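Participant: return atomic coordinates for the entry below.
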Amino acid sequence: MSFFIQSAHAAEAAGGAAGGASLFGQLLLPVAFFAIFYFLVIRPQSKRTKEHRAMVSSLTVGSEVIFAGGLMGRIKQIEGDYAVVSLNNNTDVKVQRASVISVLPAGTIESV
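Facilitator: Numbering: from 1, shown residues only. Sure, this is the predicted structure:
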C-alpha cells in the first residue's frame with residue numbers, strides 16, 4: 001500500500017512545473033467565454049439600442065410610424081417623450097416616442 005502512496009507523491013512533484021501552464025489555461029477559458037459573449041450578445045444589443053435612440057430622436061411631425069403594438073399612423077404633434085399620432089381622420093392617440101419600432105417611407109399609409 002505504501003508503494004502506491006509514494007508513486008502518487010512522485011507524480012505530484014513532477015507535475016509541479018506544469019502547474020503554471022495549468023493556471024494560464026484556467027484563466028484563458030473564462031476570458032475566452034467573456035469575449036465570445038461580448039461579441040455575440042452585448043455589442044450587437046448596444047448597437048441596436050443606439051440606433052433606436054437615434055431613430056426616436058429624429059422623429060418629426062408628419063413621419064409615418066409603426067408602434068410596438070402594431071398600430072400604424074402619422075405623427076401629428078410631439079410633446080417631449082410623447083407623440084400625438086393620427087391613426088385615421090377621426091382618431092388621435094398619445095403614445096410614448098420610445099414605443100416606435102419603425103419609421104415608414106412617406107406615403108406608405110395611403111398605399112396600405
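Participant: what about the strands in the protein?
Facilitator: Taking DSSP state E as the criterion, the chain contains strands spanning 64-67, 72-79, 82-86, 92-96, 100-104.
Participant: list the strands paired with the last one, with their directions.
Facilitator: Going back to what we said before, that points to strand 100-104. Within its sheet, strand 100-104 is paired with strand 64-67 (antiparallel), according to DSSP bridges.
Participant: quick check, distance from the strand it pairs with to the centre of its chain.
Facilitator: Here the centre of strand 64-67 is set off from its chain's centre by 21 Å, with CA atoms, centre = their mean, to the nearest Å.
Participant: that older thread, closest one to residue 45 among the strands of the chain?
Facilitator: Across the strands of the chain, residue 45 has its closest neighbour in strand 100-104 (15.5 Å, CB to CB). C-beta coordinates here come from the backbone N, C-alpha and C atoms, glycine included.
Participant: now the closest one against strand 72-79, angle please.
Facilitator: 110 degrees (axes from the mean of the first three to the mean of the last three CA atoms, to 10 degrees).
Participant: and the contacts of strand 100-104?
Facilitator: 55-56, 58-59, 63-68, 72, 83 (CB atoms under 8 Å, 6 or more residues apart in numbering).
Participant: run the last query once more with 10 Å
Facilitator: With contact meaning CB atoms under 10 Å, 6 or more residues apart in numbering, strand 100-104 is reached by 52, 55-56, 58-60, 63-70, 72-75, 83, 85, 111-112.
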